[in-house]
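Student: I would like to see how this sequence folds:
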Amino acid sequence: MLPRKNILRIVLVLVAIGAAGFVALKKLQGPTVEVVRAQAGPFEHSIVVSGRVQAPNRIEIGSVITGRVEKVLVEEGAIVTAGQPLILLETSELKSALDQARTAEASAQARIATVRELSLPQSNDAVVQAEAQVRFAEDEYRRNRDLRDKGFISEARLQDLERLRAVAKSQLESARTQARAQETRGVAAREAVLREQEARAARELAESKLAQTTIRASLPGTVLVRAVEPGDIVSPGKRLLTINSSSETRLTAQIDEKNLPYLKAGQEALASSEAFPERDFKAVLYYISPGVDTTRGSVEARFRVPEPPDYLRADMTVSIDIGVGRKERALTVPSEAVRESGNSQTVQVVRDGTARSVKVEIGIRTGSRSEILSGIAEGDTVVLTRGIDDGARVHALEVRR
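Tutor: Here you go, the predicted model:
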């Protein structure tokens, strides 16, 4: 039997040899690095961005005429529909003005009827009578001229008949002028029509002003502020009510300009809120800004929400996942495995226990994975750990990503 002291020494020596061997083995193997396998399979391409719920439009309701408030039909918090009456103004004065305008319009219409049904026939009759007078005067003049030539009447008598003939012709021209004035295109007829048009415009204006005494909601929404009471005098420009519009829910987001090739109106997206991550909802991209924000290198995108969940609030932060494409088979690696160097990309692969940098061509990228078009093959071991020198011996520890 060896003395206890010698046994202890031997054990210590063996432990030291084992530790030295372990350190030597670890040094020989190199550092442990996390690796994954390059995978081939279906690849969904989506763009994930952070956005906000757009605040609804706030509409300030006022009057376009000056008047006294008779009734206010809504309270704060009331839900209103488009076209619903909100405020009534006093109408007595405007009703009187409308009655006067209607009377003036009726008078103008009566004037048109008078020209068409009375003045024009009378003028035509006057023309007929004047024509008869001219024919009579002409006959008298010719008959008496023959008598003068035969010496039965004097020259003075014939001159009197000539003057009567001239007067008859003048009266005929006057009657014809008067008749033309009463015709559809005549001066009197046109003036009567013009007066009727003016009266009709005045009546329509009076009706419009009377209609404006009922102030209505232009859009559906909720009354936020009521700043008017019965008896108040209102005038154009004065805010009476503020309504929070309940139009469709929309989202807005800033998207990196490098994603522009993948975006188009009509694409569907899936959105969710951090407060309710399990309750996602659909959104549809409908607008992409034509300009780029040079300070952020992004473009504004807007989304409609066809069926908004009840928890959405104005300015709430949401995550928006935009589906932009799908490949049935693509070779991909975790995006964290790709190293950027200028305009080139590389990945490190483990071959024969050594880390090697390989130049690759990148295709579609998502938030977590990148498509590899060339450089490595399916099943290659790709290094995730950063800071490993090219050519260094490593110990690969495969993880799932």
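Student: Other residues contacting stretch 102-110?
Tutor: Applying CB atoms under 8 Å, 6 or more residues apart in numbering, the contact partners of stretch 102-110 are 192, 195, 196, 198, 199, 200, 202, 203, 206. All C-beta spots, glycine's among them, are computed from the backbone N, C-alpha and C.
Student: Pick the one among the residues you listed closest to residue 100.
Tutor: The closest of the contacts of stretch 102-110 to residue 100 turns out to be residue 206 (CB to CB; 7.8 Å).
Student: Assumed the closest one was part of a helix.
Tutor: Yes: note on residue 206: a helix contains this position according to DSSP: H, G, I helix; E, B strand; the rest coil.
Student: That one is in contact with residue 97, isn't it?
Tutor: Yes: assessed by CB atoms under 8 Å, residue 206 is found in contact with residue 97 at 4.9 Å.
Student: Among the two, which residue is more densely surrounded?
Tutor: residue 206 (21 against 17; other CB atoms under 10 Å).
Student: quick one: contacts for the more buried one?
Tutor: Here residue 206 is in contact with 94, 97, 98, 100, 101, 102 (criterion: CB under 8 Å, 6+ apart).
Student: wouldn't residue 37 be in contact with residue 382 here?
Tutor: Yes: between residue 37 and residue 382 there is a contact under CB under 8 Å: 7.3 Å.
Student: Can you report how many residues neighbour residue 377?
Tutor: 11.
Student: right, I mislabeled it, should have said residue 262
Tutor: Neighbour count for residue 262, taken as other CB under 10 Å: 17.
Student: go on, the one 4 residues further on?
Tutor: Each residue near residue 266 was counted by other CB under 10 Å, and the total is 7.
Student: If you count neighbours, what's buried in the strand or helix carrying residue 128?
Tutor: According to DSSP states H and E, residue 128 maps onto helix 120-149. For helix 120-149, the neighbour count (16 or more other CB atoms under 10 Å) marks 120, 123-124, 126-127, 130-131, 133-134, 137, 140-141, 144, 148 as buried.
Student: What pLDDT is listed against residue 29?
Tutor: You'll see residue 29 listed with a pLDDT of 55.
Student: Same question for residue 260.
Tutor: At residue 260, pLDDT is 87.
Student: next one: residue 160
Tutor: Note for residue 160: predicted pLDDT of 81.
Student: Residue 309 contacts residue 272, correct?
Tutor: No: because the distance of 9.5 Å does not satisfy CB under 8 Å, residue 309 is recorded as not touching residue 272.
Student: Return every residue with contacts to both of the two.
Tutor: 279, 281.
Student: Give me the spatial nearest neighbour of the most centrally placed residue in the chain, chain neighbours excluded.
Tutor: For the chain, residue 287 is the residue whose C-alpha lies nearest the centre (CA atoms, centre = their mean; 9.8 Å). Distances taken as CB to CB, 6 or more residues apart in numbering place residue 302 nearest to residue 287, at 4.1 Å, with adjacent residues excluded.
Student: For the strand or helix carrying that neighbour, name the packing helices and strands.
Tutor: Using DSSP H and E, residue 302 falls within strand 298-305. Applying 3 or more CB pairs under 8 Å, 6 or more residues apart in numbering; DSSP states H and E, we find strand 298-305 packed against strand 39-53, strand 249-256, strand 268-273, strand 281-288.
Student: From residue 253, how far out is the residue nearest to residue 287?
Tutor: Distance from residue 302 to residue 253, counting by CB to CB, to the nearest Å: 8 Å.
Student: Present the contacts of residue 206 as CSV; the columns should include distance to residue 390 and secondary structure.
Tutor: Shown next, in CSV, are these (distance: CB to CB, whole Å; DSSP: H, G, I helix; E, B strand; the rest coil):
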residue, distance to residue 390, secondary structure
94, 89, helix
97, 92, helix
98, 92, helix
100, 97, helix
101, 93, helix
102, 96, helix
